[in-house]
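In: I'll drop the sequence and a predicted model, then ask my questions.
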Amino acid sequence: MSTDKMSNFTIRIEEDLKKRFVQVAKANDSDASKEVRKFIKRYLAENSQLVMK
């Protein structure tokens, strides 16, 4: 993990969806937070060119 300041990101999802996500992440020797961070980084890498500067 980088030395950047960390921040919380609260989202609302169905309880069953969260439970299944946590279980699958754990089964893959990971955790939900790590997988969400990976998704956000990948999403930004693929879509940052859409942001107008």
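Out: Structure's in. What do you need?
In: how about the helices of the protein, start to end?
Out: 15-27, 32-47 (DSSP state H).
In: do you know which of these lies nearest residue 7?
Out: helix 32-47 (11.2 Å; C-beta to C-beta). In this view, the C-beta of every residue, glycine as well, is placed from N, C-alpha and C.
In: That closest one to helix 15-27, inter-axis angle?
Out: 90 degrees (axes from the mean of the first three to the mean of the last three C-alpha atoms, to 10 degrees).
In: Could I get the CA-only coordinates of helix 32-47 as CSV?
Out: Presented in CSV, the C-alpha positions along helix 32-47 are these (Å, rounded to 0.1, in the frame of the first residue of the first chain):
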residue,chain,number,x,y,z
ALA,A,32,-13.5,-6.6,-0.1
SER,A,33,-11.6,-3.4,0.4
LYS,A,34,-8.6,-4.5,-1.6
GLU,A,35,-10.9,-5.6,-4.5
VAL,A,36,-12.7,-2.3,-4.5
ARG,A,37,-9.4,-0.4,-4.6
LYS,A,38,-8.3,-2.6,-7.5
PHE,A,39,-11.5,-1.9,-9.3
ILE,A,40,-11.3,1.9,-8.8
LYS,A,41,-7.6,2.0,-10.0
ARG,A,42,-8.5,-0.1,-13.1
TYR,A,43,-11.6,2.0,-13.8
LEU,A,44,-9.6,5.2,-13.6
ALA,A,45,-6.8,3.8,-15.8
GLU,A,46,-9.3,2.8,-18.5
ASN,A,47,-11.5,6.0,-18.3
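In: other SSEs contacting it?
Out: Helix 32-47 is packed against helix 15-27, with contacts defined by 3 or more C-beta pairs under 8 Å, 6 or more residues apart in numbering; DSSP states H and E.
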